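Participant: any chance you can model this:
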Amino acid sequence: MLILLAAAVALTPASRLQRDAEDKARAEVTDLFRALCPEQCVLLSLQARVEDEVVATADPGFDAPGDLKAPVLRGASATVLLDGKLPSAFRGKVRDLVAQRLRTLGVPAQVAVQAVPFPVRNPPHLEAPPPAPPPVAPVPAAPQPEVKPVTARDRLLEEAPALAAAALFALVALLLGALLYLATRRAQEPAFDLEPAPPEQATSPGPVAFPEARRRKLEKALADERAVRNAVVREALARGEIDLVARWVRELGELLLQDVGTDAAVAQAVSAVAAQLARVTPDPASLAELEARMIAARLARAAESADVAFAFLEGARPEAFAAACRDLTPGALDAAIRFAPARLRAAALQELTAEQRRELALSWARRPEVPASYALAAADELRERLEKMGGGPRQAESAMSDLIDSLARDEQDALLERLRREGGARSTRALVTESALGGVPADVLASVLLRIDPSRVVVYLSGAEAKLRDHILAACPARLRRELEEELQLRGPAPQAEFLEARKEILSRLRDETLRRNIPSAEVRGWSNGAAERARLAVE
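Facilitator: Residues are numbered from 1 along each chain as shown. All right, here's what the predicted structure looks like:
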């Protein structure tokens, strides 16, 4: 004990730091091999490189000490031995996974992989039996003493233990027989219970329990690896595995749907999962399927430090991300759109000008790789923008649309022109006014009208201006146009409240159609430029 204590005290700070780093890295790699290939992956060596770094310089003087130095971890290297029978793609993934585990030390890591064919282990029944012991040479018999005649007394003494055991066995058998007779006789007596005994129900074996240690490890992986978790959940929802995802949510909570709830592509599937939660029963066996899919998705994705830095975007809304990208610097915008998920990237690119898109394409072609420090700085700037934004832009646009829908056409044009002059084009990018119906292409307008109840279209046309009414009727299919004209001849103008409601529904469908066809906001604003120009002249 004293020797071990003296050795621990004699450790220098550099050796202590090296030992702690190697222990931590060895634990990470061992845990990884235990999950992936416990009998086909071996950690041969692990070494952490520690160097002394000057942290302060003493002032010159007679009694001044030298420069103050502190040990700093500079790098780590590991050598891994793999079974040569493993696929080459798997061995490459193992190198990446080991390097990723070593990056938890915060320093560059080098991983060397050696592949040799491991010997085949025979099953237990094919193992060779142990060698038989060598024959023992016969020992010469000692001279036998003189045999005396055996008497009846001697025979009785030798058999005394066996006779005592037989007597005890007979006594126990007699007692058991008496108890069995009493129990049988009592069972044959009539029972006077007033209430019948409930029938016995067959017990079915319960679900196979999931080990608690594996459950905690799975929950930690789901919380840390958001990108892998969302990829597994989105794939299951795309396949229509609603019951399976509902069982996962019953077992692990709403953490699984925390990020995918804002994704419009799987919104319907998420609603189906929410409706199915009350019907499914908890199934611990389903966690094994989730664990296997997490491992498969982790192997298929090449995780890098930059991807981890932008993992917080998995739960961001597309409109919030697009609004935050408008205020980023050009360099941060390049990295943010480069590492953002596809759904967020599409929303942000719709808000950029053609010149900005060309600059991004040239930047990605000239510089396909981005330094990790550069990507981390861009991630911090983007996270700060998203935290400052909160939920304002989306609610402001919704309220502005409701306000525009409550105004008359001339008032809409006048307000839109003032917003363009004082608030800029950004404040009017999501607004669609009644004047836009006069300039919308015929195919887009026909698609909008076919998705609305004809009675609602008649209510709007009965109160619309004549020129605008003729333009809308011309865009309708022939059969629908005849029906609308007949209804307009039979009825008069609709009340103002019904007219505004019908117009609001038509404009809302037009907004949805522009989003579905990815029509730029500038083109939508151009549909009502003539009416807006007339309103501007009237205001002046």
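
Participant: just the element for the closest residue to Ser77 other than its chain neighbours, please.
Facilitator: Leaving out its chain neighbours, the residue that sits closest to Ser77 by Cβ to Cβ, 6 or more residues apart in numbering is Gln110, at 4.4 Å. Using the backbone N, CA and C atoms, a C-beta is placed for each residue, glycine as well. Here Gln110, judged by DSSP states H and E, is contained in strand 109-116.

Participant: and that strand, what's its mean pLDDT?
Facilitator: Here strand 109-116 scores 84 as its mean pLDDT.

Participant: how far is that strand from where the chain is centred?
Facilitator: Chain-centre distance of strand 109-116: 30 Å, with Cα atoms, centre = their mean, to the nearest Å.

Participant: ok, Met400 - how many residues close by?
Facilitator: 16 (other Cβ atoms under 10 Å).

Participant: swap in the one 10 residues further on?
Facilitator: Other residues near Asp410 number 14, with proximity taken as other Cβ under 10 Å.

Participant: that one and Ala436: what is the separation?
Facilitator: Distance of Asp410 to Ala436, given as Cβ to Cβ, to the nearest Å: 14 Å.

Participant: each with direction, which strands does the strand holding Gln110 pair with?
Facilitator: The strands beside strand 109-116 in its sheet (DSSP bridges) come out as strand 68-83 (parallel).

Participant: top helix in this structure by residue count?
Facilitator: helix 160-188 (DSSP state H).

Participant: quick one: mean pLDDT over that helix.
Facilitator: For helix 160-188, mean pLDDT is 85.

Participant: name the helices or strands packed onto it?
Facilitator: Applying 3 or more Cβ pairs under 8 Å, 6 or more residues apart in numbering; DSSP states H and E, one finds that helix 160-188 contacts no other helix or strand.

Participant: okay, now the unreliable bits of the stretch 351-500 of the chain?
Facilitator: Applying pLDDT under 70 to the stretch 351-500 of the chain flags the ranges 388-398, 423-430.

Participant: show me where it has its strands.
Facilitator: Using DSSP state E, counting those that start in this stretch, no strands are found in the stretch 351-500 of the chain.

Participant: show residues contacting the strand holding Gln110.
Facilitator: Here strand 109-116 makes contact (Cβ atoms under 8 Å, 6 or more residues apart in numbering) with 44, 75-84, 86, 91, 94-95, 98-99, 102-103.

Participant: in PyMOL, select just the buried ones from those.
Facilitator: Selection of the buried residues among the contacts of strand 109-116 in PyMOL, burial being defined by 16 or more other Cβ atoms under 10 Å:
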select buried, resi 75+76+77+78+80+81+82+83+86+91+94+98+99+102+103
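
Participant: tally of neighbours for Arg491?
Facilitator: 10.

Participant: going forward, the N-terminal residue is numbered 21.
Facilitator: From this message on, residue numbering opens at 21, which makes the last subject Arg511.

Participant: that one contacts Val478, correct?
Facilitator: Yes. Between Arg511 and Val478 a contact is recorded at 7.1 Å, counting by Cβ atoms under 8 Å.

Participant: in the stretch 171-320 of the chain, which spans are strands?
Facilitator: According to DSSP E, counting those that start in this stretch, the stretch 171-320 of the chain contains no strands.

Participant: so what's the residue nearest the centre of the chain closest to, chain neighbours aside?
Facilitator: Nearest residue to the geometric centre of the chain (Cα atoms, centre = their mean): Arg249, 1.9 Å. Closest residue to Arg249 apart from its sequence neighbours, by Cβ to Cβ, 6+ apart: Leu242 at 4.9 Å.

Participant: repeat that for Pro33.
Facilitator: Pro91 (5.0 Å).

Participant: distance of that neighbour relative to Pro128?
Facilitator: Distance from Pro91 to Pro128, counting by Cβ to Cβ: 17 Å.

Participant: just give me the neighbour total for the residue nearest to Arg249.
Facilitator: Leu242, neighbours per other Cβ under 10 Å, totals 23.

Participant: list the contacts of it.
Facilitator: Applying Cβ under 8 Å, 6+ apart, the residues near Leu242 are 249, 272, 275-276, 314.

Participant: just these: which are in helices?
Facilitator: 249, 272, 314.

Participant: looking at these, which is nearest Glu407?
Facilitator: Arg249 (22.2 Å; Cβ to Cβ).

Participant: so that closest one makes contact with Leu272?
Facilitator: No. In this structure, Arg249 is not within contact of Leu272 by Cβ under 8 Å, at 10.1 Å.

Participant: got the contact list for stretch 295-307?
Facilitator: 227-230, 234-235, 238, 262-264, 266-272.

Participant: quick one: which of the residues you listed sit in helices?
Facilitator: Short answer: those in helices (DSSP H) are 234-235, 238, 262-264, 266-272.

Participant: can you tell me which two in those are farthest apart?
Facilitator: Counting by Cβ to Cβ, the most remote pair of the ones in helices among the contacts of stretch 295-307 is Arg234 and Ile262, 24.8 Å apart.

Participant: more crowded one of those two?
Facilitator: Taking neighbours as other Cβ under 10 Å, Arg234 and Ile262 compare with Ile262 leading, 19 against 13.

Participant: enumerate every residue touching the more buried one.
Facilitator: By Cβ under 8 Å, 6+ apart, the contact set of Ile262 is 289, 292-293, 296.

Participant: please apply the same query to Ala285.
Facilitator: With Cβ under 8 Å, 6+ apart, Ala285 has these contacts: 254, 363.

Participant: ramachandran angles for Ala68?
Facilitator: The phi/psi pair for Ala68 (degrees, to the nearest 10) reads phi -110, psi 130.

Participant: any idea how the protein splits into domains?
Facilitator: 34-77+84-136, 232-323, 336-410, 414-559 (automatic domain parsing).

Participant: with distance to Leu176 added, can I get those in TSV?
Facilitator: What follows is the domains of the chain, written out as TSV (distance: least, Cβ to Cβ, whole Å):
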stretch	distance to Leu176
domain 34-77+84-136	64
domain 232-323	64
domain 336-410	95
domain 414-559	105
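
Participant: to Leu200, which of these lies closest?
Facilitator: Nearest of these to Leu200, taken as Cβ to Cβ: domain 232-323 at 43.7 Å.

Participant: quick one: buried residues of stretch 462-475?
Facilitator: Across stretch 462-475, burial judged by 16+ other Cβ under 10 Å covers 464-469.

Participant: count the residues that sit near Tyr394.
Facilitator: Using other Cβ under 10 Å, Tyr394 has 15 neighbouring residues.

Participant: nearest spatial neighbour of it, skipping sequence neighbours?
Facilitator: Closest to Tyr394 by Cβ to Cβ, 6+ apart is Ala355, at 6.5 Å.

Participant: and for the one you found, the neighbour number?
Facilitator: Neighbour tally, Ala355, other Cβ under 10 Å: 25.

Participant: list the contacts for it?
Facilitator: Contacts of Ala355 (Cβ under 8 Å, 6+ apart): 326, 390, 394-395, 398-399.

Participant: so how far is the helix or strand harbouring it off the chain centroid?
Facilitator: If you go by DSSP H and E, Ala355 is part of helix 350-359. Computed by Cα atoms, centre = their mean, the chain-centroid distance of helix 350-359 equals 23 Å.

Participant: chain neighbours aside, what residue packs nearest to Arg531?
Facilitator: Using Cβ to Cβ, 6+ apart, the closest residue to Arg531 is Val452 (5.2 Å).

Participant: and that neighbour, backbone torsions?
Facilitator: With angles defined as degrees, to the nearest 10, Val452 sits at phi -130, psi 120.

Participant: how near is it to Ala305?
Facilitator: As judged by Cβ to Cβ, Val452 and Ala305 stand 51 Å apart.

Participant: so which of those two has more stuff around it?
Facilitator: Val452 (27 against 12).

Participant: okay, now Val478: neighbour count?
Facilitator: Neighbour number of Val478 under other Cβ under 10 Å is 19.

Participant: how far away is it from Arg94?
Facilitator: From Val478 over to Arg94 (counting by Cβ to Cβ), the distance is 78 Å.
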